[in-house]
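Enquirer: got a predicted model here, sequence first, then my questions.
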Amino acid sequence: MDRPNENSNASARVVAADQLEEPFPRIVLIGAAILISITFMFAYLARQHEIGSTRMTPAAAIESIEFRFVTREDGTVAIHDVQRNTDIKTLSPQSDGFIKIVMKSLAHERKVTKVDPDAPVRLSHLVDGQTILEDLATGRIILISAFGWGNKEVFAELLNTRRE
């Protein structure tokens, strides 16, 4: 059986890292690190100074209501009108899923930001036909209209209840 010639190009040669004839240029690594650092710095500055962001100012409100969610011992959730000091709607544990999802989302954000969990929210119907929910504790605004007509109507019922 023939053995391959050890001097041929086909044979593999193991070279230690310190024996490399041409190491990777250090200046390229330094340049890449500087470029990455500058990129992160610009991204941070743009975020802090809102460069490239869009701010939408909501239209004027036609009507609004301030309420808070109150969880009862029996599992129901009361929607309590702050100005009138009355419950305007009671949600059973199995109904009104969208309102409860929004409620839990607001509660989670309040817990994370460590603000008053019992602060009211403001539901407003705007001149342009949109419906928004504003968390007065965190400043977060949810465009309810973006979730579809059916979900918008669920919240519109709260405004209708207020008129009665």
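Expert: The structure has been received and is ready for your questions.
Enquirer: can you pull up the bridge partners for residue 77?
Expert: Judged by DSSP bridges, the bridge partners of residue 77 are residue 71, residue 91.
Enquirer: what does the helix ranked longest in the chain contact?
Expert: Using DSSP state H to define each element, the chain has its longest helix at helix 26-48. Residues outside helix 26-48 that contact it (C-beta atoms under 8 Å, 6 or more residues apart in numbering): 51, 52. C-betas here are computed from N, CA, C, even on glycine.
Enquirer: hmm, residue 161 is touching residue 87, no?
Expert: No - using C-beta atoms under 8 Å, residue 161 is not in contact with residue 87, being 9.9 Å away.
Enquirer: the chain: helices as residue ranges?
Expert: 26-48, 97-113, 149-163.
Enquirer: can you list the domain ranges for the chain.
Expert: 23-55, 61-163 (automatic domain parsing).
Enquirer: let me know which of the ones you listed is tucked in deepest.
Expert: Neighbour counts (mean count of other C-beta atoms under 10 Å) averaged over each of these peak at domain 61-163, with a mean of 15.
Enquirer: what's the offset of it from the middle of its chain?
Expert: 18 Å (C-alpha atoms, centre = their mean, to the nearest Å).
Enquirer: what about that domain, average pLDDT?
Expert: Throughout domain 61-163, pLDDT has a mean value of 88.
Enquirer: please renumber the chain so that the first residue is 550 from this point on.
Expert: All set: I'll call the first residue 550, so the last point we hit is now domain 610-712.
Enquirer: where's residue 608 relative to residue 647, distance?
Expert: As judged by C-beta to C-beta, to the nearest Å, residue 608 and residue 647 stand 23 Å apart.
Enquirer: can you check residue 653 too?
Expert: According to C-beta to C-beta, residue 653 stands 11 Å off from residue 647.
Enquirer: and the closest residue in space to residue 679 that isn't next to it in sequence, what does it touch?
Expert: Closest residue in space to residue 679, ignoring its immediate chain neighbours: residue 694 at 4.6 Å, by C-beta to C-beta, 6 or more residues apart in numbering. Counting by C-beta under 8 Å, 6+ apart, residue 694 makes contact with 678, 679, 680, 681, 701.
Enquirer: from those residues, which two are the most distant?
Expert: 678 and 681 (11.2 Å; C-beta to C-beta).
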